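1. here's my sequence, what's the structure:
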Amino acid sequence: MSQNFSKWLYPGIKVKRWVFASLFGVLIVGIGAVFAVYPYPFVSGFGIVIILCGIVFIVLGMGKMIVSLITLFLPQRERDIVDILYQRRYLERGPKIVAIGGGHGLSHLLLGLKEYTANLTAIVTVADSGGSSGRLREEFNIVAPGDIRNCLVALADTPALMGELFQYRFSEGDGLKGHNFGNLFLTAMVQITKGDFKKAVEESSKVLAIRGKVIPSTVHNVHLVAEYADGTRTQGEALIPKVNALIKRLYLTPEDAVPTDDALTAISQADIIVMGPGSLYTSVLPNLIIRGMTEAIKRSLAYKIYVCNVMTQPGETDGFSASDHVRVLLEHTFPHLLDACLINNAVVSNEEALSRYHKENAYPVAADSERIKALGVKVVAADLLSVADYVRHDSKKLTKELIRLIETQRVIKR
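-> Numbering: from 1, shown residues only. The predicted model follows:
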């Protein structure tokens, strides 16, 4: 024990100087106390000044020593300690928000919301059947890791390089080409945790030091099935948009798949539940049609918001307006599930970007607010656009409008 104690005195640890500063302060306070008790005003006043100087040394020494110790355990030592502590404490007081969806829409939303609250839970679809996720599902019989990976990276509080690593896609190599490193990492973690996908996500969350939680909507290896207006059916999330027909009904196989307990707990404790943005049929609804999920959302006292897409998606929502998105969501869940819907009412002015979308048969979603109100849902219409190479939600604009809506609701509740 004495040997361990002596290590605190080794050079370079940057602790002993501040310990000695504090001890020096204690000594000065003691000396000042002696003078302060003298009956002569001048001497006692001098003693009080000495005591104050000693207190300064104690506070300075203790403060610097604490900073030196904390910096050893921080992943980013160059960041200001006070800012970090303030940020963590501030975010911990934020509302409990559950975001439900998948794809790039959900991860884009999380990027903004993680700066607003640390009480953030992403419930993510695992029905993806294309690309790297689809290949890993077939080879290892696991649920799709792709959307989970995107959300983990979005909530990561580690250096940007770690996020780039998890998103890195191999462009060559037999067997590796087309795979994301993050997908492979999650797959390996599933093997290490003996097939426990939920545990694999939890451990991966620790590696990326995420703010909030990422939870798979189910750990059953589900597949998405679409039934069309003519009675035909297609199985597989990646194949559904390719049929290019009107979808009548969506369901999962196996149909007895249930939500994870963590997902149900998060929903029951939520202050706010946000559904979307993301592909209506292949990102948002796959979570909601899991048996028991919608019932849990309906029972929750949370304020429920749907964020509508800004562009239609070929093979899924061709010709859909914002009210069509809401109508289909309610048809697959409950008539009065939603409290509010957030839609974009800005016009896309970038003709070059629009032209590229038109070639793929994708168009801006019409903001028909009155029809949404007729469905019993409050409407918030605002400029949510970000137009560069792609027409999508601007993360900052979307977060700003969501926070405004959330804060309004919190004030009403008070």
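
2. so where's the longest helix in the chain?
-> Among the segments of the chain that qualify as a helix by DSSP state H, the longest is helix 41-73.

3. which helices and strands does it pack with?
-> Under the contact criterion of 3 or more CB pairs under 8 Å, 6 or more residues apart in numbering; DSSP states H and E, helix 41-73 touches helix 16-36, helix 81-92. All C-beta spots, glycine's among them, are computed from the backbone N, C-alpha and C.

4. any residues touching the host helix or strand of Asp147, and which ones?
-> Element membership of Asp147 [criterion: DSSP states H and E] is helix 146-155. Outside helix 146-155, the residues within contact range by CB atoms under 8 Å, 6 or more residues apart in numbering are 102-104, 106-108, 110-111, 114, 120, 122, 124-126, 128, 131-133, 163, 166-167, 180, 182-183, 186, 201, 204-205, 208, 210-212, 214, 216, 283.

5. ranking the helices and strands packed on helix 41-73 by burial, who's on top?
-> Most buried of these by mean neighbour count (mean count of other CB atoms under 10 Å) is helix 16-36; its value is a mean of 16.

6. now that one - C-alpha only, CSV.
-> The C-alpha trace of helix 16-36 is given here as CSV (Å, rounded to 0.1, in the frame of the first residue of the first chain):
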residue,chain,number,x,y,z
LYS,A,16,1.7,16.3,-6.4
ARG,A,17,2.2,19.9,-7.2
TRP,A,18,-1.5,20.6,-6.7
VAL,A,19,-1.5,18.4,-3.5
PHE,A,20,1.3,20.6,-2.1
ALA,A,21,-0.5,23.7,-3.2
SER,A,22,-3.6,22.6,-1.2
LEU,A,23,-1.5,21.7,1.8
PHE,A,24,0.3,25.0,1.6
GLY,A,25,-3.1,26.6,1.6
VAL,A,26,-4.1,24.7,4.8
LEU,A,27,-0.9,25.8,6.4
ILE,A,28,-1.6,29.5,5.5
VAL,A,29,-5.2,29.2,6.8
GLY,A,30,-3.8,27.8,10.1
ILE,A,31,-1.4,30.7,10.4
GLY,A,32,-4.1,33.2,9.6
ALA,A,33,-6.3,31.7,12.2
VAL,A,34,-3.7,32.4,14.9
PHE,A,35,-3.5,36.1,13.9
ALA,A,36,-7.3,36.4,13.6
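
7. centre of the chain to that helix, how far?
-> 48 Å (CA atoms, centre = their mean, to the nearest Å).

8. mind listing what Ile210 touches?
-> By CB under 8 Å, 6+ apart, the contact set of Ile210 is 152, 155-157.

9. same check on Phe20?
-> So Phe20 contacts Gly61 (CB under 8 Å, 6+ apart).

10. how about the one 3 residues further on?
-> Neighbouring residues of Leu23 by CB under 8 Å, 6+ apart: Gly61.

11. do Val26 as well
-> 54, 58.

12. now swap in Ser283 and tell me
-> By CB under 8 Å, 6+ apart, the residues touching Ser283 are 101-103, 105-106, 125, 147, 276.

13. repeat for Asp230
-> Residues near Asp230 by CB under 8 Å, 6+ apart: Ala245.

14. how about the secondary structure of the residue nearest to Asp196 when sequence neighbours are not counted?
-> Counting by CB to CB, 6 or more residues apart in numbering, the nearest residue to Asp196 once its immediate chain neighbours are dropped is Val190, at 7.2 Å. Per DSSP: H, G, I helix; E, B strand; the rest coil, the secondary structure class of Val190 is helix.

15. so what's the residue count around Gly319?
-> 10 (other CB atoms under 10 Å).

16. so where is the stretch 101-250 of the chain shaky, pLDDT-wise?
-> Applying pLDDT under 70 to the stretch 101-250 of the chain flags residues 158-159.

17. could you show me where the strands are in it, in order?
-> 120-124, 213-216, 223-228, 233-235, 247-253 (DSSP state E, counting those that start in this stretch).

18. for the second one, packing partners?
-> Contact analysis of strand 213-216 by 3+ CB pairs under 8 Å, 6+ apart lists strand 120-124, helix 146-155, helix 197-208, helix 261-269 as its packing neighbours.

19. out of the ones you listed, nearest to Ala374?
-> helix 261-269 (27.3 Å; CB to CB).

20. mind checking how far the closest one is from the chain centre?
-> Distance of helix 261-269 from the chain centroid (CA atoms, centre = their mean) equals 15 Å.

21. same question, stretch 155-166
-> Relative to the chain's own centre, stretch 155-166 is displaced by 13 Å; criterion: CA atoms, centre = their mean.

22. so for that stretch, what gets flagged as buried?
-> Within stretch 155-166, the residues that count as buried by 16 or more other CB atoms under 10 Å are 155-158, 162-163, 165-166.

23. return the member of the residues you listed nearest to Asp368.
-> Once CB to CB is applied, the member of the buried residues of stretch 155-166 that ends up nearest Asp368 is Leu155, at 33.4 Å.

24. can you tell me the closest non-neighbouring residue to that closest one?
-> Closest to Leu155 by CB to CB, 6+ apart is Ile210, at 3.9 Å.

25. tell me what that neighbour is bridged to.
-> Taking DSSP bridges as the rule, Ile210 bridges to Ala156.

26. thinking again about what came up before, turn the contacts of Ser283 into a markdown table, columns for neighbour count and distance to Leu176.
-> Supplementary listing: those in a markdown table, determined by neighbours: other CB atoms under 10 Å; distance: CB to CB, whole Å:
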| residue | neighbour count | distance to Leu176 |
| --- | --- | --- |
| Gly101 | 32 | 29 |
| Gly102 | 31 | 24 |
| Gly103 | 21 | 23 |
| Gly105 | 24 | 28 |
| Leu106 | 29 | 27 |
| Thr125 | 31 | 25 |
| Asp147 | 29 | 21 |
| Gly276 | 26 | 33 |
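
27. state the distance from the residue lying closest to Leu338 once chain neighbours are set aside to Ser171.
-> Using CB to CB, 6+ apart and skipping the chain neighbours, the partner closest in space to Leu338 is Val377 (4.8 Å). Val377 sits 44 Å away from Ser171, taking CB to CB, to the nearest Å as the criterion.

28. those two: who's more crowded?
-> Per other CB under 10 Å, whichever of Val377 and Ser171 has more neighbours is Val377, with 23 against 8.
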